[in-house]
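Colleague: below is the sequence, then the predicted model.
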Amino acid sequence: MNDTFSEVDSQSTDNANGEIIVTSVLGSGENELLQGVKINLYKINGLSPVLIESKITDEEGKVIFGGIENGCYRIIEIIDKRYFEKPKYTKWNEITIDDANKKQNLVVINKIKKLAAQNEHRI
């Protein structure tokens, strides 16, 4: 009987050791890593996702959200829409962390708007 309780206890402590790694790139053919981009992590709870944490990408274009509990999450990149098209998320921007999937990777691909690129060349 004690073995059953210890298994349950170990499962509940393992519940918060998930990890989500997000990499932001500029998809211009060479996939340049984007530093300084804000990435929001939301827990999906019915109709209204709840903001869990915000981080800024490092020099490798990455943020790592650690200690994630089992559940469904949404990743949203906050980027200046005047200059960038809507980001594209490889796989999708919703991720499930569970006992079988404790570590998830997601890549956000950004493209500069054509008008912004044209204006940049005029300067």
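Modeller: Cool, got the structure.
Colleague: any stretches of the protein with poor pLDDT?
Modeller: Along the chain, the model assigns pLDDT under 70 to residues 1-16, 28-29, 116-123.
Colleague: which residue ranges of it form helices?
Modeller: 2-14, 114-122 (DSSP state H).
Colleague: give me every residue that touches the closest residue to residue 68 other than its chain neighbours.
Modeller: In space, and not counting its chain neighbours, residue 68 is closest to residue 18: 3.6 Å by C-beta to C-beta, 6 or more residues apart in numbering. C-betas here are computed from N, CA, C, even on glycine. Residues counted as contacts of residue 18 (C-beta atoms under 8 Å, 6 or more residues apart in numbering) are 67-70, 97, 101-104.
Colleague: same question, residue 35
Modeller: 57-61.
Colleague: mark which of those residues are part of strands, please.
Modeller: Using DSSP state E to define strands, no part of these is located there.
Colleague: of all those residues, which comes closest to residue 25?
Modeller: residue 61 (5.9 Å; C-beta to C-beta).
Colleague: surely that closest one is in contact with residue 31?
Modeller: No: with contact defined as C-beta atoms under 8 Å, residue 61 does not reach residue 31; the gap is 9.1 Å.
Colleague: which residues are in contact with each of these two?
Modeller: residue 25.
Colleague: these two: which is more packed in?
Modeller: Taking neighbours as other C-beta atoms under 10 Å, residue 61 and residue 31 compare with residue 61 leading, 21 against 14.
Colleague: for the more buried one, give me phi and psi.
Modeller: phi 70, psi 20 (degrees, to the nearest 10).
Colleague: restricting to C-alpha, output stretch 56-64 in CSV.
Modeller: The C-alpha trace of stretch 56-64 is given here as CSV (Å, rounded to 0.1, in the frame of the first residue of the first chain):
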residue,chain,number,x,y,z
ILE,A,56,12.9,38.0,-24.2
THR,A,57,14.9,36.0,-26.7
ASP,A,58,18.7,35.7,-26.1
GLU,A,59,21.6,36.0,-28.5
GLU,A,60,20.7,32.6,-29.9
GLY,A,61,17.1,33.7,-30.5
LYS,A,62,15.8,31.4,-27.8
VAL,A,63,13.8,31.5,-24.6
ILE,A,64,13.3,28.5,-22.3
